[in-house]
Structures are given as C-alpha cells and as structure tokens.
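>>> Need a 3D model of the sequence below.
(one chain, ligands or ions: 1)
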Amino acid sequence: METQIIDGKALAIEYQEKIKTQVAKMNRTPTLAVILVGNDPASEIYVRHKRQVAERVGIISELFQLSPITTEEALIAFIQELNANDKVDGILVQLPLPKHINADAVIEAIDPNKDADGLTSANLGHLFVGTPNLVPCTPMACLALIKTVCPILQGKNVVIVGRSKLVGKPLSQLLLDENCTVTQAHSKTVNLKKVCREADILIVAVGKPNLITKSFVKKGTIIIDVGINRLKNKKIVGDVEFDKMIGHVSAITPVPGGVGPMTVTMLLQNTVQIAQKRQKNN
Ligand code: NDP
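Residues are numbered from 1 along each chain as shown. Sure, this is the predicted structure:
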C-alpha cells in the first residue's frame, strides 16, 4: 500500500497565506500577547516560533517573559491588565507553568473573548454544547490535517488515544460533530491494541515514543501523531513508530512537520477571529 505523508508544513503555509490576506483587509493590526513564565528552553523555542509566524502573517506578537518566581496572584493580576488593555486581542499563556502555579486558575483568568488557545471553561463549554467560539488549536489542526486525506468523515471509526483538556477531549467533540464514531482511550484503557485496531482514523496524543507499533494498526488506517518527544540523542519523535507504518497505513503525519506547524497556524487564526469580532463591535 502506498502511504501518503501528510505535509503539515505545506498545509500551514496555505492557511497562513489566507490569514495574511484576512489581516491585510482589516483596519487594525491584530495583536497577540504571549506570556512566558520562566526560561524553560523548549517553551522559549515554541514561543519564538509562534512569534515568527505571527509576524509573517502581519500579526503583532508581544512577548511578556516573567520571572520564574512570579506568583500565581501576580500572574493573574497581569492577565487582568491584558484583559482590560484595548490594544490586545488574543492572550496566550505558554504551558507548562512552573509547579507553584495552578495552570487551570491562570487559564480561567483570561477573558474568554481574548482566549487565543480556546482553553477557558467558557470556550470549552461552548464547544461541548454545540456553539463553538474559540476552539483549542491542536484539535483544529488535527481536523484540518485529516480532511486533506479524508474529506468526508461521516461514519468513520475514530480512536483518540489521550483525553487531555488541551487535545484529546476537545478533539473528540470536533469529530463527533463531524458524525464520526469516536472512542477515547487513555492510560486505564484495557487492551489498547485491540481498541486501536478498530480505527479507520487513529489519533495519538500521549507523549510516549513508540507507544503505537504496527501491530496496533489495521492496514489502511489514517494516523495523526500529535506526540512530541525529545529522545536522549536530541531527536524529536512522535508517539507512533513512523518508519514501520510506511506501506501499511494509507496516510500518516510526520513528527516534526505534521501537527506542530498547523497548531501554531490555528493560534493565529483564532487571534484574527478575535480581532475581527472586536473590530466589528467597535
Ligand atoms: P497529557 O499528559 O495532558 O495527556 C496525555 C494523555 O495520554 C492522558 O490522557 C493519559 O491518560 C494518556 N496516556 C498516558 N499514558 C498512556 C498509555 N500508556 N496508554 C494510553 N494512554 C496513555 O498530554 P497532552 O495532551 O498535553 O499532550 C500529549 C502529547 O502531545 C505530548 O507529547 C505533547 O507534547 C504533544 N502535544 C503536541 C502538540 C503539537 O502542536 N504537536 C500540541 C500539544 C501537545 P490519563 O488521562 O489516564 O492519564
């Protein structure tokens, strides 16, 4: 079987061109405030990349790098300032936060109308009751990637491994809304291999290299690998044994170059959505 490698970078560039056109038509420049607490090297790389892509499409990205000893109260107070700042459209808090800060409380402090990551309970609630507003970026990225190889999703058996608030749970809702039959697996799932073998589309968002081997996957499946794992030799890999899937599955996303570039792009799409709504309301 010929396996199609789903090119997330190419799709991201296509989406970014559309975003750039939308931004050019606006009479104000969308602004994204990015908050980074501390100096975790991986987070610094992610933030730098997000800001570079933002600039490329004409979005102003302001970085606020706060000390690693910032208290939860101070961080929340800072977010409230950004909520009230008329110049700021989207707000993004780079995760993970240092251990002394409750990330859920911090996310909840973001004005849901400026929630570029779509992670506040208000926005997740909208998604779950069928009135989506700002939708989390990685699930939207996965859906866009799947649609490049499978435009009609109705009736497909989808298995999602992972049930985080960031990826697994909202993705499950997006795929239910596409009339898929969704199974959500997690660390307590019994016989993960058997569950995964039922999938027409298998999405893996766990964070464990080589968790999914060829024997977990029936021939012809579409695989979306969300995982990002840095090996001891510094190589970045996903959760799926990529090489072994070639010739066995119908399509697969690579890591890097699959879900990652599209996730960043969806963040910018959300920022433009916020800015357009604010422009209309002003
Ligand atoms: P979390 O750690 O929040 O969630 C991981 C999920 O995996 C949990 O639901 C957990 O189950 C499940 N899990 C853990 N071990 C197993 C196992 N052995 N079998 C089955 N399920 C298991 O991670 P995130 O959702 O935030 O991220 C997942 C991965 O995706 C990470 O590698 C992260 O770096 C990557 N990521 C990539 C992005 C991108 O842009 N490409 C964006 C966001 C994340 P339980 O709930 O039972 O604990």
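
>>> Assign residue 61 to helix, strand or coil.
With DSSP: H, G, I helix; E, B strand; the rest coil as the basis, residue 61 sits in strand.

>>> In contact with it: list those residues for me.
Shown in contact with residue 61 (C-beta atoms under 8 Å, 6 or more residues apart in numbering): 31-32, 34, 50-51, 54-55. C-beta coordinates here come from the backbone N, C-alpha and C atoms, glycine included.

>>> same thing with residue 55?
So, once contact is read as C-beta under 8 Å, 6+ apart, residue 55 ends up touching residue 61.

>>> Okay, and it sits in which element?
Using DSSP states H and E, residue 55 falls within helix 41-56.

>>> Go through that helix and flag the buried ones.
Of the residues in helix 41-56, 43, 46-47, 50-51, 53-54 count as buried by neighbour count, 16 or more other C-beta atoms under 10 Å.

>>> average pLDDT across that helix?
Helix 41-56 shows a mean pLDDT of 95.

>>> Correct me if wrong: residue 141 contacts residue 267.
No: between residue 141 and residue 267 there is no contact under C-beta atoms under 8 Å: 9.3 Å.

>>> ok, the two, which is more surrounded?
residue 141 (30 against 26; other C-beta atoms under 10 Å).

>>> Settle this for me: residue 4 is touching residue 247, isn't it.
No: using C-beta under 8 Å, residue 4 is not in contact with residue 247, being 11.6 Å away.

>>> wait, is residue 64 part of a strand?
Yes: under three-state DSSP, residue 64 falls within a strand.

>>> Please look at it and residue 33 and confirm they touch.
Yes: using C-beta under 8 Å, residue 64 is in contact with residue 33, at 6.4 Å.

>>> If you count surrounding residues, which of those two has more?
residue 33 (26 against 15).

>>> which residues does that one bridge with?
When assigned by DSSP bridges, residue 33 has beta-bridge partners residue 62, residue 91.

>>> pLDDT value on it, please?
98.

>>> for the chain, which helix is longest?
For the chain, the longest helix by residue count, based on DSSP state H, is helix 259-281.

>>> how many neighbours does the closest residue to the ligand within the stretch 1-150 of the chain have?
Per C-beta to the nearest ligand atom, residue 138 is where the stretch 1-150 of the chain lies closest to the ligand, at 4.2 Å. Residues lying near residue 138 (other C-beta under 10 Å) number 23.

>>> What is whichever strand or helix holds it packed up against?
Per DSSP H and E: residue 138 is located in helix 137-149. Helix 137-149 is packed against helix 8-24, helix 168-177, strand 222-225, helix 259-281, with contacts defined by 3 or more C-beta pairs under 8 Å, 6 or more residues apart in numbering; DSSP states H and E.

>>> need the residues of the stretch 1-150 of the chain near the ligand, please.
Residues of the stretch 1-150 of the chain found near the ligand (C-beta under 6 Å from any ligand atom) are residue 138.

>>> Low-confidence stretches in the stretch 1-150 of the chain?
Regions of the stretch 1-150 of the chain meeting the criterion pLDDT under 70 are absent.
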